[in-house]
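Visitor: Following is a predicted model, sequence given first.
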2 protein chains.
Amino acid sequence: MEITNAYITLPSGFIANGVHAGLKPNGNPDLAFIGSEKPANVAGVYTSNLVKGHSLTRSISIIRSQEAVRGIIINSGNANACVGEDGVKDADAMASAVASVLNTDPNMILTASTGVIGSRLPLDKITSAIPGLVNSASASEECGHLAERAIMTTDTQPKEVAATVSIFGKEITIAAIAKGSGMIHPNLATMISVFTTDANISQKALQSMISSNVKDTYNRVTVDGDTSVCDMVVIMANGASETPEIKEGTEEYEVFKEAFHSLCFDLAKMIASDGEGASKLVEVVVNGAKTPNDAYLCVLAVCRSPLCKTAIFGQDANCGRFITALGYSGADIDPDKISMTLSGLPVYENGVALPFDEDVAKEKLSEHDILIQIELNDGEYSDRMWTCDFTYDYVKINASYRS
Amino acid sequence: MEITNAYITLPSGFIANGVHAGLKPNGNPDLAFIGSEKPANVAGVYTSNLVKGHSLTRSISIIRSQEAVRGIIINSGNANACVGEDGVKDADAMASAVASVLNTDPNMILTASTGVIGSRLPLDKITSAIPGLVNSASASEECGHLAERAIMTTDTQPKEVAATVSIFGKEITIAAIAKGSGMIHPNLATMISVFTTDANISQKALQSMISSNVKDTYNRVTVDGDTSVCDMVVIMANGASETPEIKEGTEEYEVFKEAFHSLCFDLAKMIASDGEGASKLVEVVVNGAKTPNDAYLCVLAVCRSPLCKTAIFGQDANCGRFITALGYSGADIDPDKISMTLSGLPVYENGVALPFDEDVAKEKLSEHDILIQIELNDGEYSDRMWTCDFTYDYVKINASYRS
């Protein structure tokens, strides 16, 4: 069951907090801590970019070499990327500062950073803020929301979701937060997303669940075609629900996985909807492809096309731009078999543009949620991806993001 | 020798004209004719988009089945694409109307259309305008310029180039026009470009020359990552210079090819510079790649990245965005070996961002021409591509282009 007022500390045994350490000039929270009272099994998926931020590289290495962690420290405002050895040391120092407050090993603390690439972290500001941040962390709703606020960069909306499921007769909670909203493109389409759960589940089962679930959720969101160097999704499971272990291949695992998947799905849509400068959420569905890859190439080309995205912004049913994108997508398609609807309105059939009522089209495209449905009529494979429109505000945000 | 005041009728034996047939609501010329008094050997290269416009498909079929043509009729304001059998008939009807004025076979007239996709051509307007258009066509400078004006869509600047070369002791002229300026991406990066020349050269030699020359010129321009359905470059050579034939493998051929290549190069840069909404011309050079394809993937990723292009618009030396693009380009690179300069200013060295004077960076990025030079230090291959910045005006133009 999805929870309306969601925050990251809803699962038992988790605490969190967010403070302004001084990285964001506007005074908003920019440093978040999410912790588990007991060691929590951990799993993650990460950006495919060959260039990886130093905080992220550190977390990947920890998750690959140990099963559990006590928490994660995340700063926004600076990606801690492309600064060389200093970046490695800075990530270690952030984790050590947290570990020292919690009286644990630094390797029990994951690190994540998001923001401008190529500038050194203002480490003093961060380490000065950490004792207050961690000591005041709690399971309260307020602290939960603060953690999400602190990881946002150009996001305009916080992204918090949670659900409960009944497993072994007990209520198990999963919660998650995420930040967008630029440099978003498969793989991985998220920026930073953290899940907490009080489920009793092994690292291996978590990793298997998270790896298989991002494919049709996070990896199906694109805002601008740019894949960031800091993307990660991590899940921490601390077993505080005190049920028997949820094992792969069981009915309980399927129930848990379904709830997790549904939250990934919600967050992915929230990220697309809150893409930089976005005024609309656009869902592109392709059916009837010859292969799964052909279907993927088609949704990707449409979602990535600046011309399709500006047409949606302009509420202009310019179907030729969508057909053009399919034609250069690299997918093996037959142009003469393509049909298309725009939010239910047929605009293209068997390779030929249909006449339609411009007023009806305008009305449909004035909605916030736009559905572009493409039938290739050439096979049995489908895919789906979310994006947003391309607006003046996207240019405004990105022409001045760093300066 | 390049000619400053260039127009398409400079080579001997060519005539041209442009009129307003009524396709563009603003009253600008929208129908062009470029003709040769005698049949001219013809060759071309075309968009790689699987979806192809009906006027283009017709021209491809003609060039593949015969050696020479008498001219080309080009309309702007409507792409004559994705409208089914009607589009095929309309292209034939355009050509027939021209052929009947010239008293020749319709297959001697190529067709090209550019503009909105998915609407039927207003054929009556076109066929009504054709007799006046063709009967008034001449070799005059005014008529030459009118032809270029008539093929422009969102271009803000006409694109006309010409050069003379001395071959077999005679002066041979090559002239070309092109239109941009949206839906521009390899392959093919041009929209429509027409070359005329009075050289005496076979179709086979022309085709070989044009096919090899577009690779590092037209196919190295991207404005928005969208490859149009109507792109074509054609060259018509009528032999009016009355020299011996210029044969492949000879010194004369190399001289001619070099002049042709230099004009392709100039037009490609003009197209990038006049990309929709552009305020800057951006040249991206990558050196030291392991393979030619790695070099290509790197220049492509940077030129296509909305985040890199908005940073250039914002005159913001945000080098992290360029490194990010290289990281997700798909190229086999070593992030720790990358170095980069922005218009000569070192900003990145061996995988680490360098400190630099922000005022100097701002001054360099305030120039119209921006050079981004990337050293991968991992091999011997290079590539180069041109693009423009991503601006408010790009969004403005494309949110309202069709409506």
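Guide: Received the coordinates, thanks. The structure displayed is predicted, hence computed values, not measured ones.
Visitor: Relative to chain B, which residue of the stretch 1-150 of chain A is the closest?
Guide: Per Cβ to the nearest Cβ, the residue of the stretch 1-150 of chain A with the smallest distance to chain B is A:Ile117, at 2.3 Å. Where C-beta positions appear, they are placed from N, C-alpha and C, glycine not excepted.
Visitor: How about the contacts made by the nearest residue to that residue once chain neighbours are set aside?
Guide: Once flanking residues are discounted, A:Ile117 sits nearest to B:Gly320: 2.3 Å by Cβ to Cβ, 6 or more residues apart in numbering or on different chains. The contact partners of B:Gly320, by Cβ atoms under 8 Å, 6 or more residues apart in numbering or on different chains, come to A:Ala79, A:Ala81, A:Cys82, A:Val116, A:Ile117, A:Gly118, A:Val229, B:Ala353.
Visitor: The spatially closest residue to the second one that is not a sequence neighbour: neighbouring residues, count only.
Guide: Yep, that's A:Ala81 we're talking about. Counting by Cβ to Cβ, 6+ apart, A:Ala81 lies nearest to A:Gly53, which is 3.6 Å off, once chain neighbours are set aside. A:Gly53 sits with 31 neighbouring residues when counted by other Cβ atoms under 10 Å in any protein chain shown.
Visitor: before we move on, back to that, among the contacts of B:Gly320, name the buried ones.
Guide: A:Ala79, A:Ala81, A:Cys82, A:Val116, A:Ile117, A:Gly118, A:Val229, B:Ala353 (16 or more other Cβ atoms under 10 Å in any protein chain shown).
Visitor: Distance to A:Ala6 added to those, as a markdown table?
Guide: A markdown table is the format used below for the buried ones among the contacts of B:Gly320 (distance: Cβ to Cβ, whole Å):
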| residue | distance to A:Ala6 |
| --- | --- |
| A:Ala79 | 26 |
| A:Ala81 | 29 |
| A:Cys82 | 34 |
| A:Val116 | 29 |
| A:Ile117 | 30 |
| A:Gly118 | 34 |
| A:Val229 | 28 |
| B:Ala353 | 37 |
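Visitor: Next, the buried residues of stretch A:101-112.
Guide: Under the neighbour-count criterion of 16+ other Cβ under 10 Å, stretch A:101-112 has A:Val101, A:Leu102, A:Thr104, A:Pro106, A:Asn107, A:Met108, A:Ile109, A:Leu110, A:Thr111, A:Ala112 buried.
Visitor: Stretch A:375-390 now?
Guide: Buried residues in stretch A:375-390, counted by 16+ other Cβ under 10 Å: A:375-379, A:381-390.
Visitor: Stretch A:251-261 now?
Guide: A:Glu252, A:Tyr253, A:Phe256, A:Lys257, A:Ala259, A:Phe260, A:His261.
Visitor: same deal with stretch A:13-23?
Guide: Buried residues in stretch A:13-23, counted by 16+ other Cβ under 10 Å: A:Gly13, A:Phe14, A:Ile15, A:Ala16, A:Asn17, A:Gly18, A:Val19, A:His20, A:Ala21, A:Gly22, A:Leu23.
Visitor: got it, and stretch A:112-129?
Guide: Neighbour-count burial for stretch A:112-129, counted by 16+ other Cβ under 10 Å, picks out A:112-119, A:121-123, A:125-127, A:129.
Visitor: Ok, stretch A:36-46 next?
Guide: Of all the residues in stretch A:36-46, those buried under the rule 16+ other Cβ under 10 Å are A:Ser36, A:Pro39, A:Ala40, A:Asn41, A:Val42, A:Ala43, A:Gly44, A:Val45, A:Tyr46.
Visitor: Same check on stretch A:63-80?
Guide: Buried residues in stretch A:63-80, counted by 16+ other Cβ under 10 Å: A:63, A:68-80.
Visitor: Lowest-confidence entry in the contacts of B:Gly320?
Guide: For the contacts of B:Gly320, the weakest pLDDT value sits at A:Val229, with 68.
Visitor: Just want the phi and psi numbers for the residue nearest to A:Ala268 when sequence neighbours are not counted.
Guide: Leaving aside its sequence neighbours, A:Ala268 sits nearest to A:Thr217 (Cβ to Cβ, 6+ apart; 4.4 Å). The phi/psi pair for A:Thr217 (degrees, to the nearest 10) reads phi -120, psi -90.
Visitor: Using PDB, write down the CA coordinates of stretch A:37-48.
Guide: Extracted C-alpha coordinates of stretch A:37-48, given in PDB (Å, rounded to 0.1, in the frame of the first residue of the first chain):
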ATOM      1  CA  GLU A  37      20.700   2.100  13.900                       C
ATOM      2  CA  LYS A  38      22.000  -1.400  13.000                       C
ATOM      3  CA  PRO A  39      24.100  -2.300  10.000                       C
ATOM      4  CA  ALA A  40      21.800  -2.600   7.000                       C
ATOM      5  CA  ASN A  41      22.400  -4.900   4.000                       C
ATOM      6  CA  VAL A  42      23.100  -2.700   1.000                       C
ATOM      7  CA  ALA A  43      22.900  -3.000  -2.800                       C
ATOM      8  CA  GLY A  44      23.200  -0.400  -5.600                       C
ATOM      9  CA  VAL A  45      23.300   0.400  -9.300                       C
ATOM     10  CA  TYR A  46      25.400   3.100 -10.800                       C
ATOM     11  CA  THR A  47      26.000   5.400 -13.800                       C
ATOM     12  CA  SER A  48      27.400   3.800 -16.900                       C
END
